[in-house]
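K.L.:
Sequence isn't available, so here's the structure alone:
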């Protein structure tokens, strides 16, 4: 379990974290989201003692990270997959890590097999692809068979098969009763992986709820209607309370009417419908709504032309 209470971090006059409190509980995959600059990386660094909080506190499995006698056996961490000795092989890198905790060759072989690194285990890490480097980072996090996993962007650089593998691994570890805390920019993947979501915005917690609860808020009132008679149906549905938008020659998006009423109107007019689908909100929709006012670095490309750069 990870417990943060009033966690605050300032760099000079800039406040990176402002009284952040949350619990990451065992048995769940907890996703950690937020725009760039929201404080996610700072939070993860504070959890594992790579930085010191200005005030507040954070513990892992009931203790500060630095107080664990065998941290690899308590907390598995992937923050920067490139932070390895590039001249060593994957096997030697893991063996050297394990030596600090009395972890031997048998466990190294196990995590190499678990992460699919058998074919490159004896090759130098400097020649690894981004995806292979991520797998090695995950192998290192799993080396001590820890109760808590902290993974920052674990699917970065992985192919689709690797992304599915990380998803299944995270859920499997949570089912074993472990604490799994991971960040990702892939909302569709987070929706399929996480049970709970914590969202940061400008150094503050702006959401700390189950995925289902967050997505329920994003559920819209839209209905997708496909018909070869879109032009005939549109004026029958349109009113001051109802908006109808044509997204293709035979496709309408209707807001303000339930699908049952749309079907009744179409049937009364003898209009054939090929599709009548309520539009559910997504985790990405919910995330964008939550962070709309919290983005520190906003893309203005659509608002104004990009000025010419003179070199």
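P.N.:
Arrived safely. Since the structure is predicted, the reported quantities are computational estimates derived from the model, not experimental observations. Residues are numbered from 1 along each chain as shown.

K.L.:
Over the lengthiest helix in the chain, what's the mean pLDDT, rounded is fine.
P.N.:
The single longest helix within the chain, with elements called by DSSP state H, is helix 160-175. Average pLDDT, helix 160-175: 94.

K.L.:
Just the residues contacting it, thanks.
P.N.:
By C-beta atoms under 8 Å, 6 or more residues apart in numbering, the residues outside helix 160-175 that reach it are 26-29, 116, 131, 134-135, 138, 149, 151, 154-155, 158, 180, 182, 186, 189, 192-193, 195. Where you see a C-beta, it was placed from the backbone N, CA and C, and this is true even at glycine.

K.L.:
Tell me how far it lies from the chain's centre.
P.N.:
A distance of 13 Å separates the centroid of the chain from that of helix 160-175, by C-alpha atoms, centre = their mean, to the nearest Å.

K.L.:
dump the residue contacts of the nearest residue to residue 191 once chain neighbours are set aside.
P.N.:
Distances taken as C-beta to C-beta, 6 or more residues apart in numbering place residue 283 nearest to residue 191, at 3.9 Å, with adjacent residues excluded. With contact set as C-beta under 8 Å, 6+ apart, residue 283 has these partners: 187, 188, 190, 191, 197, 211, 214, 215, 218.

K.L.:
give the contact list for the residue most central in space within the chain.
P.N.:
The C-alpha lying nearest the average C-alpha coordinate of the chain belongs to residue 184 (C-alpha atoms, centre = their mean; 3.0 Å). Neighbouring residues of residue 184 by C-beta under 8 Å, 6+ apart: 31, 33, 153, 154, 155, 190, 193.

K.L.:
Please repeat the previous calculation with a cut-off of 6 Å.
P.N.:
Residues near residue 184 by C-beta atoms under 6 Å, 6 or more residues apart in numbering: residue 190.

K.L.:
Counting neighbours, what do you get for residue 237?
P.N.:
Counted with other C-beta atoms under 10 Å, residues neighbouring residue 237 total 21.

K.L.:
now do residue 22
P.N.:
Neighbour number of residue 22 under other C-beta under 10 Å is 20.

K.L.:
Quickly note the distance from it to residue 7.
P.N.:
Using C-beta to C-beta, to the nearest Å, we find residue 22 at a distance of 9 Å from residue 7.

K.L.:
Let me know the pLDDT of the closest residue in space to residue 104 that isn't next to it in sequence.
P.N.:
Nearest non-adjacent residue to residue 104, counting by C-beta to C-beta, 6+ apart: residue 98, 6.4 Å away. pLDDT, residue 98: 95.

K.L.:
tell me which strands and helices the helix or strand harbouring residue 98 is in contact with?
P.N.:
Assessed by DSSP states H and E, residue 98 sits inside helix 90-99. Under the contact definition 3 or more C-beta pairs under 6 Å, 6 or more residues apart in numbering; DSSP states H and E, helix 90-99 sits against helix 105-114.
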